[in-house]
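Peer 1: here is a sequence together with a model predicted from it:
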Amino acid sequence: MTTEIVKNILKNYEGETPGVKAKLHSMLMQGALGGTGKMIILPVDQGFEHGPARSFAPNPEGYDPHYHYQLAIDAGLSAYAAPLGPLEAGADTFAGQIPTILKCNSANSLMSGTAGKDQAVTASVDDALRLGCAAIGFTIYPGSDCAISMMEEIVAMRKEAAAKGIATVIWSYPRGEGVTKDGETAIDVAAYAAHIAALLGAHVIKVKLSTDHLMLPEAKKVYEEQQISIAEQAERVRHCVQSSLNGRRIIVFSGGAKKGADSVYDDARAIRDGGGNGSIIGRNSFQRSKADALDMLGKLIAIYKGEA
Amino acid sequence: MTTEIVKNILKNYEGETPGVKAKLHSMLMQGALGGTGKMIILPVDQGFEHGPARSFAPNPEGYDPHYHYQLAIDAGLSAYAAPLGPLEAGADTFAGQIPTILKCNSANSLMSGTAGKDQAVTASVDDALRLGCAAIGFTIYPGSDCAISMMEEIVAMRKEAAAKGIATVIWSYPRGEGVTKDGETAIDVAAYAAHIAALLGAHVIKVKLSTDHLMLPEAKKVYEEQQISIAEQAERVRHCVQSSLNGRRIIVFSGGAKKGADSVYDDARAIRDGGGNGSIIGRNSFQRSKADALDMLGKLIAIYKGEA
Amino acid sequence: MTTEIVKNILKNYEGETPGVKAKLHSMLMQGALGGTGKMIILPVDQGFEHGPARSFAPNPEGYDPHYHYQLAIDAGLSAYAAPLGPLEAGADTFAGQIPTILKCNSANSLMSGTAGKDQAVTASVDDALRLGCAAIGFTIYPGSDCAISMMEEIVAMRKEAAAKGIATVIWSYPRGEGVTKDGETAIDVAAYAAHIAALLGAHVIKVKLSTDHLMLPEAKKVYEEQQISIAEQAERVRHCVQSSLNGRRIIVFSGGAKKGADSVYDDARAIRDGGGNGSIIGRNSFQRSKADALDMLGKLIAIYKGEA
Amino acid sequence: MTTEIVKNILKNYEGETPGVKAKLHSMLMQGALGGTGKMIILPVDQGFEHGPARSFAPNPEGYDPHYHYQLAIDAGLSAYAAPLGPLEAGADTFAGQIPTILKCNSANSLMSGTAGKDQAVTASVDDALRLGCAAIGFTIYPGSDCAISMMEEIVAMRKEAAAKGIATVIWSYPRGEGVTKDGETAIDVAAYAAHIAALLGAHVIKVKLSTDHLMLPEAKKVYEEQQISIAEQAERVRHCVQSSLNGRRIIVFSGGAKKGADSVYDDARAIRDGGGNGSIIGRNSFQRSKADALDMLGKLIAIYKGEA
Amino acid sequence: MTTEIVKNILKNYEGETPGVKAKLHSMLMQGALGGTGKMIILPVDQGFEHGPARSFAPNPEGYDPHYHYQLAIDAGLSAYAAPLGPLEAGADTFAGQIPTILKCNSANSLMSGTAGKDQAVTASVDDALRLGCAAIGFTIYPGSDCAISMMEEIVAMRKEAAAKGIATVIWSYPRGEGVTKDGETAIDVAAYAAHIAALLGAHVIKVKLSTDHLMLPEAKKVYEEQQISIAEQAERVRHCVQSSLNGRRIIVFSGGAKKGADSVYDDARAIRDGGGNGSIIGRNSFQRSKADALDMLGKLIAIYKGEA
């Protein structure tokens, strides 16, 4: 039974096609968090970005795309996201068992120079339709010299996807010529990145958890004058939620490189307490053994349910 | 009842589709200024350009897109302009209550270098149709090295929009490699910017109020020889009106960053006295509390009606 | 009644659509020079290129697009050429009264650097159809690094226009990285520019009057060896006519910046004596008072008729 | 009769069109290796890359495209791959006798500078359909500044091809600004290249045999920490197979420049022992006399059958 | 009656549309060489490349496009090639009298820098259809940084042309950043250029006669090791024929700038003796008086018939 929480989330997508709402519904009602308004998504696109060995050698079962499908299902997650090849490799076996997100662009670690500030578009909306996906996923790099063309690409794909009843998830990762290293996770930049994704029409926004650094001088002035609370992670999450059309858009947070379990749990509590909709958690799940991963994901689910 | 003033304005759009005329009519007959030939438009695209905190922290209600819809309605304004995301977030709730303008391209403060002289196209004519908008809005930067591609983008979109019965508002903001800092608001450049928008087929032209500075040496010579009156703001407004096909196109003026109320009123009187069609007023309205904003907007309406 | 002269001109457009021939016919049979095989065209695109004040302040009636329509009609000219905005502003009032040419690309004085060697495409063939135009007008800059893309743009538009029964006028103005200042009006370059327009399929070619300078060393050698006559303006006109498929294409000449009336008359006599098809005369007409302009244009018509 | 081995390979292409599976089937069931799950492909695109004399002078019969068709047929190979011209030159004579792969992009040795890091798209999916091909072939250069556009080209062509029932073979050759000379054949880079091809949706992956060099510092660390076995060629083949969706995609290896026969045989044994699907062998076959080539290819077939 | 020679040539175009074969047939059966398998083509595109005076002043009748049509007919040539403008100027008068080739891209002498290494696309396949042409003609510059885009342009046009029953002639002229001055006519480069045209699917290949220079070091080694005969012009022609799919494609040679008649005849004998299909001869015919040109062309025909 669709919960009131989910109904209220869907209400915020005014004027959107029923197809898109049904796809958001499928993710919000899936698995152990179904109906809570919270989501955990398993993304496996690190192979493109870092190569196969860096991604899968720590837990070699991960070389097989079926492993990830099954992990997401067994853990009771909300959705599984991957590029075309691996998604296609299990599309038939796992059809209907878990909502999938087709990651439609990808970066790699082999390119040098300015080309490394862009991503290749590697799949299409029609591929997502054909494979029965719930959503397309797309990364933009606000701050990169390629940001304009990346935005124009997702704007066109989002339009096509929505018309065809597919939702759009935007990974909004500040990077490139206009962003310092510290700035990539600065709270003013993170909130800005979430806001841009929302303005572009993302149905689900994915940003990184941020630090209390402020990169843009003009913004810094305002944060200080207006005394915006950003000292705690939960406060920074809340500010990103606010920047996502005042919470009218689903926003999930990523945890980054593999780290200790306690740190992952602390992140999830901050996301929960700040009003975020959940986690997108890749290396911290598939680079652990399956037993460890199921254990950790179970604990995260409990946290989002307010039970841990 | 459609007034003679409005009928006469519409007559200037010779050969245009009835759909476009009906959309201009909807804005000219809306709200407190309905029928007067004057317009006040609320634009909320600063979040894209400056980020969410710089835009909305001074009046945090502004984080919510519904706030702006309601503000424009309550103040009796002519139209509300915003990018895709926030417009979509209220499209259903406020359907038909106020004409909307879909801002179809956007700049941001994160990009560095030449890329910062361009805007990303972030919405389409079909999005405007789907959301029931009265017009598309588009910014060009005359003087930028990207000006040619920006002009070609809006020319194509304007053609599609007019064929589909949607009006076109062009924000014509001189900027970039060919324009000095002072030149961005120089009167010769402002009149030129208004003229270019008119030549491109804009139905409504938006420019900034200008100073008496003259940037282009060849133009300076002519202004002096021909003794063109540009000392007063109202004279400069009049010159921009004249440059907009001798007043055959609607032209509205923007006020820039938040400032004192008296200064905003002075601007409006100059626009009115110079024959301009009104104001497009963003930060000076939504960065004030709602009460203050309604107060100021009410006063502006009175000014345009000749009552203040 | 269509004259033999006009019939013979049209015969040269072998294999062209009847629609295009009918449009050429409409210009060749229009006004005081109707039937003579000569044409005078009023072009008003200087506002885009130089800004409104430099173009219209000397005769402020020119700010109004209706003024130019009426001037062309009252003077008995062959056609009126302008960009989208002003053409649309009088399309209904003057429908059918004078053939119009929609100028489909435009330069401006605000851009710096290499971008200043290109023009923006600002209107389409469908716009010309919708507005009832006789022709599209398009500028190419032979010698510019942008020349290839400009040629490719007009080749595509000309094809579409001809198929839809619209004629094509090419403004062929040498300019850019490959052309010296003197070379822009050198006779070898001018003849080359006319030739390129003809090769691209222009129905009407527009070039500037030239000087006896020779820019290209390889060409200079040939002009001297073959003793090509280029000392007199009429001889240079004749050489351009010859270079336009041996006179099988209509070629008109422009006069440039405003200057003394006698000089304008001398130009026209040279065009006439060299076998050119007429003048395209902008600033020298609309920057004079209407009375003076009518006077001058009447005199020019008399010259082309061989009566002055 | 289709073997279980082939049926099991085809099962891995989940959700793919029956047309694509039938084409893979045609290659897997063709010739002396039909039914074994192994393939040997004859590629003749060196003429484009190195010119005709360097390619064919050592065995001048190779100037004639018919020679290669016949060689592939006589040797009992699985498929013949070539660019448009030579494929078309025998398409009728050899129709149906051997599966063909239309190589759809090509590099050449005449271009200098950055342009040499890209390939021209020289044929289309419709050409492949018209010529009755089993697959399209396409090269990408991971590591080149052109890699993003090359990936986007093949992603679009692969989508069209699959929809039209044509398989896709991706030649994944690391090269360009981001790759050192040693890195072009480093095992970490080779496995990454195979992985990228798989992620892009290749049905058949072609990479070069690699060395035990490790180019990417971040990857080197992981290979050492995880003690990934890469000392032997067969181990490196196995790692590439693993990186191709854990063996769910067909992967063949190329041997490079002409060399001694024993070396070619050693390569094949390593490919076989590492679980690879076979060889793509060009210069080592067509630059030998036909007798020698048949001899060598026969021996390779025996090796893949486990008989040598 | 179609000769066996012509039938055998057409047999080489396997799988090609009957429309294309009929067009090749029309050129092979036309004029004084009809049925011999040899061709002489009159190309007149020098006006675009060098300007009108350098092209036509030596024989001013050449300014008129009708002159060239008539010259090709009177001399009994196989086809006449020209850009859009001049072809259109006689399309009706000479309809059906001689096969025509629409030259679809063109260079010019006015552009400087890298832009001078490319050509503008100035006509389309539909133009060729409309004008009743037998073929499209297109130049590529192997070795130029623009070579990839030029190849991609002709590949797309060739595909469209063949589907619409129009043949494709590729002018393959090595030039640009990757080619030295001597290399432009080096035999290794010429054979490579012919080979590339064949690989791209050209139906008729046009290259320049070459010298015995070898530009590419890697190729030089092979020519020396394999003792490829290139000392005589006829041997070099034979090598180019061999490089054109072993003679399965028609290849004609151009003679370059105007020169003494004896030199032209020697060239033709070498082409004939080397197995080439004929000449494409522009300036050496139309820059002579008509009488001299007819005389020379008659002699060339006799040479190709083996009578001189």
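Peer 2: That came through fine.
Peer 1: can you tell me how far residue A:80 sits from residue A:2?
Peer 2: Computed as Cβ to Cβ, to the nearest Å, the residue A:80 to residue A:2 distance reads 22 Å. C-betas here are computed from N, CA, C, even on glycine.
Peer 1: for residue A:176, same thing?
Peer 2: For residue A:176, the distance to residue A:2 - Cβ to Cβ - is 41 Å.
Peer 1: between the two, tell me which one has more neighbours.
Peer 2: residue A:176 (23 against 12; other Cβ atoms under 10 Å in any protein chain shown).
Peer 1: for the residue nearest to that one when sequence neighbours are not counted, give me the pLDDT.
Peer 2: Spatial nearest neighbour of residue A:176, excluding adjacent residues (Cβ to Cβ, 6 or more residues apart in numbering or on different chains): residue A:144 at 2.7 Å. Note for residue A:144: predicted pLDDT of 94.
Peer 1: who are the contact partners of residue A:35?
Peer 2: A:1, A:2, A:3, A:5, A:6, A:28, A:29 (Cβ atoms under 8 Å, 6 or more residues apart in numbering or on different chains).
Peer 1: excluding its backbone neighbours, what's nearest the fifth one?
Peer 2: The shortest distance from residue A:6 to any residue other than its chain neighbours is 4.7 Å, reached at residue A:28 (Cβ to Cβ, 6+ apart).
Peer 1: cool, the fourth one as well?
Peer 2: If you skip the residues right next to it in sequence, residue A:5 has residue A:37 as its closest partner in space, 4.1 Å away by Cβ to Cβ, 6+ apart.
Peer 1: cool, and the last one?
Peer 2: For residue A:29, the nearest residue in space outside its immediate sequence neighbours is residue A:35; the separation is 5.9 Å by Cβ to Cβ, 6+ apart.
Peer 1: so how many other residues sit close to residue A:48?
Peer 2: 27.
Peer 1: doesn't it belong to a helix?
Peer 2: Yes: under DSSP: H, G, I helix; E, B strand; the rest coil, residue A:48 falls within a helix.
Peer 1: shouldn't it be in contact with residue A:83?
Peer 2: Yes: Residue A:48 is within contact range of residue A:83, at 5.8 Å (criterion: Cβ atoms under 8 Å).
Peer 1: anything in contact with each of these two?
Peer 2: Common contact partners of residue A:48 and residue A:83 (Cβ under 8 Å, 6+ apart): A:106, A:122, D:199.
Peer 1: tell me where the stretch 151-300 of chain A is predicted with low confidence.
Peer 2: A:256 (pLDDT under 70).
Peer 1: contact residues of it facing chain B?
Peer 2: For the stretch 151-300 of chain A, the contact set with chain B under Cβ under 8 Å from any Cβ of the partner chain comprises A:151-152, A:155-156, A:159, A:174, A:177-179, A:188-189, A:191-192, A:195-196, A:198-202, A:216, A:218-219, A:222-223, A:226, A:228, A:239, A:242-243, A:245-246, A:248-249.
Peer 1: repeat the analysis, applying 6 Å as the threshold.
Peer 2: A:151-152, A:155, A:177-178, A:191-192, A:195, A:198-201, A:219, A:222-223, A:226, A:228, A:242-243, A:245-246, A:248 (Cβ under 6 Å from any Cβ of the partner chain).
Peer 1: helices and strands around whichever helix in chain A runs longest, which ones?
Peer 2: In chain A, assigned by DSSP state H, the helix with the most residues is helix A:147-163. Counting contacts by 3 or more Cβ pairs under 6 Å, 6 or more residues apart in numbering or on different chains; DSSP states H and E, helix A:147-163 packs against helix A:125-130, strand A:135-140, strand B:120-121.
Peer 1: tell me the angle it makes with helix D:147-163.
Peer 2: With axes from the mean of the first three to the mean of the last three Cα atoms, to 10 degrees as the basis, helix A:147-163 and helix D:147-163 are set at 20 degrees to each other.
Peer 1: which stretches of chain A form strands?
Peer 2: A:39-43, A:79-82, A:100-103, A:105-106, A:120-121, A:135-140, A:167-172, A:204-208, A:250-254, A:278-280 (DSSP state E).
Peer 1: now for the ones you listed, which one comes closest to chain D?
Peer 2: Chain D lies closest to strand A:120-121 among the strands of chain A, at 4.1 Å (Cβ to the nearest Cβ).
Peer 1: give me the sheet partners of the closest one and which way each runs.
Peer 2: strand A:105-106 (antiparallel) (DSSP bridges).
Peer 1: quick one: contacts of the partner strand?
Peer 2: A:48, A:83, A:119, A:120, A:121, A:122, A:138, A:139 (Cβ atoms under 6 Å, 6 or more residues apart in numbering or on different chains).
Peer 1: now do 7 Å
Peer 2: A:45, A:48, A:49, A:83, A:119, A:120, A:121, A:122, A:138, A:139, D:199 (Cβ atoms under 7 Å, 6 or more residues apart in numbering or on different chains).
Peer 1: over to stretch A:292-308?
Peer 2: Contacts to stretch A:292-308, defined as Cβ under 7 Å, 6+ apart, come from residues A:32-33, A:36, A:38, A:40, A:71, A:74-77, A:261, A:264-265, A:268-269, A:272, A:278-279, A:285-286, A:288.
Peer 1: for stretch A:146-156, same thing?
Peer 2: With Cβ under 7 Å, 6+ apart as the test, stretch A:146-156 has contacts from A:117-119, A:121, A:138, A:140-141, A:170, A:176, A:200, B:111, B:115, B:118, B:120-123.
Peer 1: residue A:42 against residue A:72, yeah?
Peer 2: Yes: using Cβ atoms under 7 Å, residue A:42 makes contact with residue A:72 at a distance of 4.4 Å.
Peer 1: which neighbours do these two share?
Peer 2: With Cβ under 7 Å, 6+ apart as the test, residue A:42 and residue A:72 both reach residue A:80.
Peer 1: so for the two, which sits in the more crowded spot?
Peer 2: residue A:72 (30 against 26).
Peer 1: residues touching that one, list them.
Peer 2: A:42, A:80, A:98.
Peer 1: state the distance from it to residue D:199.
Peer 2: 18 Å.
Peer 1: with residue A:160 instead?
Peer 2: Taking Cβ to Cβ, one finds residue A:160 at 22 Å from residue D:199.
Peer 1: which one of these two has more residues nearby?
Peer 2: residue D:199 (28 against 17).
Peer 1: and the more buried one, how far from residue A:122?
Peer 2: 7 Å.
Peer 1: what do these two both touch?
Peer 2: A:83, A:84, A:106.
Peer 1: out of the residues you listed, who's nearest residue D:17?
Peer 2: residue A:84 (14.4 Å; Cβ to Cβ).
Peer 1: coming back round to it: list buried residues within the contacts of strand A:105-106.
Peer 2: Neighbour-count burial (16 or more other Cβ atoms under 10 Å in any protein chain shown) applied to those gives A:45, A:48, A:83, A:119, A:120, A:121, A:122, A:138, A:139, D:199.
Peer 1: nearest spatial neighbour of the third one, chain-adjacent residues omitted?
Peer 2: Computed as Cβ to Cβ, 6+ apart, the closest residue to residue A:83 that is not its neighbour in sequence is residue D:199, at 4.5 Å.
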